[in-house]
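**Student:** Fold the following.
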Amino acid sequence: MTYQLDDMNSLGTVTEERQNKDAQLFQQPMPGSDSSSTFVLDLFGAIRTITIKGIYSGAAIANVKTFIGELTALINGTQTVRTYTSDLFTSGINVYVQLVDYNYEAGNPLNVEYTIQMIETLLI
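**Tutor:** From the prediction side, this is the model:
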């Protein structure tokens, strides 16, 4: 599989890709009645969240430091639209990076486990 995200030289080995698409339905139950009397409206549109998890293995500690720097720079307070590419899509998806998380263990200094959570967006 091929995985790419703008501003990352490599994503290493992506071990999991998870997607969640939420309709964000407005729900208003009628007081004192059963669920069959609930008003449900599609007012807010849908949101797709894409989460990838992976392991980056560097040849030297300098490679690992560079990867961690690129990873943390994905969220810098002035988010820009990035393109995420996966073999699961016919073309790239425009995303904002919502969360980055990584786990570095001193006992395994050339590996970093990471999670990147992205929200699909319009290209503005």
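
**Student:** contacts, neighbours, all on C-alpha from now
**Tutor:** Noted.

**Student:** mind listing the strands for this structure?
**Tutor:** Applying DSSP state E to the chain gives strands spanning 3-5, 13-22, 26-28, 39-41, 47-57, 82-86, 93-104, 111-120.

**Student:** any idea which residue of the chain is furthest from its center?
**Tutor:** Ranked by distance from the centre of the chain (CA atoms, centre = their mean), the top residue is residue 32, with 40.4 Å.

**Student:** can you tell me how far it sits from residue 26?
**Tutor:** Noted for residue 32: a distance of 19 Å to residue 26, by CA to CA, to the nearest Å.

**Student:** In terms of pLDDT, where does residue 124 sit?
**Tutor:** Note for residue 124: predicted pLDDT of 65.

**Student:** now swap in residue 104 and tell me
**Tutor:** 91.

**Student:** which residues does the closest residue to it other than its chain neighbours contact?
**Tutor:** Computed as CA to CA, 6 or more residues apart in numbering, the closest residue to residue 104 that is not its neighbour in sequence is residue 112, at 5.1 Å. Shown in contact with residue 112 (CA atoms under 8 Å, 6 or more residues apart in numbering): 55, 56, 57, 64, 102, 103, 104, 105.
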